[in-house]
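Asks: Here is a sequence together with a model predicted from it:
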Amino acid sequence: MWSLEHPFSLLLFLILPFLIYFVHFRKKRGGVILFNFNIWKNRKYFRKIHPGRIFNVFFWVIFWCGFCSYIIALGGPHMIEKERIYLTKGIDIIIVLDESGSMSTPDFEPGNRFESAKRVINQFTHSRENDQIGLVTFSSDAILRVPPTLDYTMLEEQLQNLTLMELGEETAIGMGIAVAALHLKSSRALNKIIILITDGVNNTGRVTPEQAALLASRTGIRIYTIGIGRTSDSEWTYKDLDTGIQITGLSGEFDEYMLMKIAQVSGGKYFYAGNPRSLNSIFEEIDSVEKTEKRFRINVKRIPYHELFILVGLLCIFTSYLGRRLLLKEIF
Amino acid sequence: MIIEKAEYLWFLLLIIPLAFHYYLSFSSGKKDLLHIGGKWRFESLYNIYMVKYFFIFLFFVLSFIFSILALSDFKWGEKLVEDYRSGYDIIICLDVSVSMQADDIVPTRLKGAVEVINRLMEDMWNSKFGVVIFKGKAVRIWPLTDDLEAIKLFLNTVSPDLITIPGTNIQEGLAVALNTFGKSGRYQVIVLLTDGESPDNNIIKEAKKAASRGIPVISVACGTEKGSRILLDGRRFVTNSKGEKVVSKANKQLLKLISSVSNGKFFELYESGKIKDEILSIVTRIEDENLDRSLKLEKISGYRLFLGFTICFLIIALITRGFRWENMF
């Protein structure tokens, strides 16, 4: 929204008609040499309109535009931007995503489990406002991709760049939870949650999922677990775009009992997502459950624009001056 | 008094060609006057022409000068304005170029810089930190986060090998750091750790951009002006095309300039304890207990005064031109 800091300055516009009259329309104005046409002895004299007059009008219009621009600049034009400043800290969330090969099983139309999960996580981050969200992925090992942050664009970028099996072919659920818990441990947020998405059984890692969950629950972290995929066996194929190597496998059932236990130990909840729609609704449910009181203040920010108006004014007046002097050969 | 946009003052040089043109125009105008006005009244016309010409030129140039002064944004005096910000967002902008492996700081410049960052994180544990590293290009490693554990983990592994493009692009480092800040309602600071060996001339432009957003750049010089050779792999030294060992020297002048332009401060690596105090001193807030709000001092821009004069002189120039003198011209 545009606004003026000193609107009374615009009163200067009132003198504009007088000035224009004084400079252009007053009969006995200066800067003009008068000729007495009586020497033609009452014979009629027709003054032809010279084409140069159009340019003259044009350059004077530019001049007055520049003058108006100066007056507006004097009024202190600025843009008002309102921004919401949160006074309370939101929830810290780390999403722990399985990137083992079985996540490429194409039973989540239109893509596979992994792509569906990425899409839903993206939607979820868009629905949050003041909550720091981080990302941990795991297969044979676990790694922090993005620490809990309000910079959702970086999270989105990292999600887009994720590829399967970067960290191996096995499934280290315990390591995933442990890494997420480590990075939430020192968080000062009142609510800390981990959302774990997996389709497999923990088969590697130095920490078991149960141990990691217990560790997390001690630091006040709740874990929501989501078992993804069909319960029956299905075949998957994954082609590594860099090496061109194609890997095929059979995705078995995920360990539902373990996921339930993790959720129970930490005070979270277990969900089963058999298709993309149910995965979506699970995230919507987590979104609606995990709400904190949000107190915020609207901060009004003023971005000054007087510099632009002065520049426009200067440019107009200078162009007008040069045009009249150099093109029209005006004396003054 | 400070001049926010001193670069506009260069426009004042335009007065020289303007005056030259006025002189030429005056001479040719004299001839035209003779042709139009006729010989019989030339003398009286010329006298008026000369005086009017001088005054119109004078007032026009004065209006031009004052409009440039208005653009340059002179600031003097201070006023109290409300300040809603609280807390700090600090972006660490770390040089990981090969010259940071020089050992004029023991064990290396890079390790010295990492120590400074760790100390700063301990001192400012309540703040949010982000990390940008740069070499031939800049990369945002971590966005603003209060997960200091993640930053410490990264700093343990930082090395020049993280970016393959050679060089020291401080400008891009600052640009990426500036883009990392969001709308947060917190005080924002960039801590630049580099040896300053950068050939780019646009660095100051970027520092000015930071200043215009109210973000000071605190620069920490990693290295000495005496310099040292750069050790690669712990065995061989970096050499130039002639096979001579390259000596890397810290460019402290550049870093001092970056800091002064952006209203930050310059520090030596061994002064790491003072960085916290400097960040805290950026905020000269005055707590107004009665009104339950924070206030800060802001410099007052004097552009309206200059612009007022500009308009006045322009009007006077128009009136001088518009008045018919002695009923003649």
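Replies: Great, that's in hand.
Asks: where are the low-confidence patches of chain A?
Replies: Chain A contains residues with pLDDT under 70 at A:33-47, A:230-242, A:247-253, A:332.
Asks: Which residue ranges make up the domains of the chain?
Replies: This is for chain A. Using automatic domain parsing, the domain ranges for chain A come out as A:2-81+A:300-327, A:88-289.
Asks: Chain B, not that one
Replies: B:2-77+B:301-327, B:88-282.
Asks: Could you look over those and pick the most buried one?
Replies: domain B:88-282 (a mean of 19; mean count of other CB atoms under 10 Å in any protein chain shown). C-beta here means a position set from N, CA and C on the backbone, and glycine is covered the same way.
Asks: So in chain B, where's the weakest helix or strand by average pLDDT?
Replies: Least confident helix or strand, chain B: strand B:285-288 with a mean of 50, by mean pLDDT, DSSP states H and E.
Asks: can you confirm residue A:136 is in a strand?
Replies: Yes - assignment of residue A:136 by DSSP: H, G, I helix; E, B strand; the rest coil places it within a strand.
Asks: In the chain, which residue is most central in space?
Replies: No chain specified, so I'll use chain A. When CA atoms, centre = their mean is applied to chain A, the residue found nearest the centroid is residue A:153 (6.4 Å).
Asks: please go with chain B instead
Replies: residue B:208 (1.9 Å).
Asks: Now do the same contact list for that residue.
Replies: Counting by CB atoms under 8 Å, 6 or more residues apart in numbering or on different chains, residue B:208 touches B:261, B:262.
Asks: Which secondary structure element is home to it?
Replies: In this assignment (DSSP states H and E), residue B:208 forms part of helix B:203-212.
Asks: what does residue B:91 give?
Replies: Counting by DSSP H and E, the element that carries residue B:91 is strand B:88-95.
Asks: show me where chain A has helices.
Replies: A:15-20, A:52-74, A:113-127, A:152-161, A:173-185, A:209-218, A:256-266, A:276-289, A:306-322 (DSSP state H).
Asks: need the ones you listed in TSV with distance to residue B:67, can you?
Replies: Listed next are the helices of chain A as TSV, based on distance: least, CB to CB, whole Å:
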stretch	distance to residue B:67
helix A:15-20	18
helix A:52-74	8
helix A:113-127	47
helix A:152-161	40
helix A:173-185	55
helix A:209-218	64
helix A:256-266	67
helix A:276-289	55
helix A:306-322	5
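Asks: Ok, which of the ones you listed comes nearest residue A:26?
Replies: Evaluated with CB to CB, the helices of chain A place helix A:15-20 nearest to residue A:26, the distance being 9.9 Å.
Asks: Can you point out the buried residues in the closest one?
Replies: Residues of helix A:15-20 classed as buried: residue A:19 (neighbour count, 16 or more other CB atoms under 10 Å in any protein chain shown).
Asks: do stretch A:177-189 as well
Replies: In stretch A:177-189, counting by 16+ other CB under 10 Å, buried: A:177, A:178, A:179, A:180, A:181, A:182, A:183, A:184, A:185, A:187, A:189.
Asks: mind checking the backbone torsions on residue B:236?
Replies: In terms of degrees, to the nearest 10, the main-chain angles of residue B:236 are phi -110, psi 160.
Asks: just to revisit the earlier point, now do the helix or strand following the helix holding residue B:208 against helix B:203-212, angle only.
Replies: Scanning forward in sequence from helix B:203-212 by DSSP H and E, the next helix or strand is strand B:217-221. Computed with axes from the mean of the first three to the mean of the last three CA atoms, to 10 degrees, the direction of strand B:217-221 lies at 140 degrees from that of helix B:203-212.
Asks: Name every sheet partner of strand B:217-221 and say whether each one runs parallel or antiparallel.
Replies: Applying DSSP bridges, strand B:217-221 is found paired with strand B:187-194 (parallel), strand B:266-268 (parallel).
Asks: what mean pLDDT does the first one have?
Replies: Model confidence over strand B:187-194, given as mean pLDDT, is 92.
Asks: So what angle separates the directions of it and strand B:88-95?
Replies: On the basis of the same axes, to 10 degrees, strand B:187-194 is oriented at 20 degrees to strand B:88-95.
Asks: Can you name the residues that contact the closest residue to residue B:317 other than its chain neighbours?
Replies: Excluding its sequence neighbours, the residue lying closest to residue B:317 (CB to CB, 6 or more residues apart in numbering or on different chains) is residue B:59, at 3.7 Å. Shown in contact with residue B:59 (CB under 8 Å, 6+ apart): B:313, B:314, B:316, B:317, B:320.
Asks: now with 10 Å?
Replies: Residue B:59 is in contact with B:312, B:313, B:314, B:315, B:316, B:317, B:318, B:319, B:320, B:321, counting by CB atoms under 10 Å, 6 or more residues apart in numbering or on different chains.
Asks: Same list as before, those residues that is, but in TSV and with secondary structure, distance to residue B:66 and pLDDT included.
Replies: Formatted as TSV, these follow (DSSP: H, G, I helix; E, B strand; the rest coil; distance: CB to CB, whole Å; pLDDT from 0 to 100):
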residue	secondary structure	distance to residue B:66	pLDDT
B:312	helix	9	96
B:313	helix	6	96
B:314	helix	9	95
B:315	helix	12	95
B:316	helix	12	95
B:317	helix	12	93
B:318	helix	15	92
B:319	helix	17	91
B:320	helix	17	90
B:321	helix	18	87
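Asks: and which of the residues you listed is nearest residue B:107?
Replies: Ranked by distance to residue B:107 (CB to CB), the contacts of residue B:59 are led by residue B:313 at 64.3 Å.
Asks: Could you tell me how many residues sit around the residue of the stretch 201-332 of chain A found nearest chain B?
Replies: Of all residues in the stretch 201-332 of chain A, residue A:331 sits closest to chain B, at 4.1 Å by CB to the nearest CB. Using other CB atoms under 10 Å in any protein chain shown, residue A:331 has 19 other residues around it.
Asks: can you check residue A:10 too?
Replies: For residue A:10, the neighbour count with other CB under 10 Å is 14.
Asks: Please name the nearest non-neighbouring residue to it.
Replies: Computed as CB to CB, 6+ apart, the closest residue to residue A:10 that is not its neighbour in sequence is residue A:75, at 5.4 Å.
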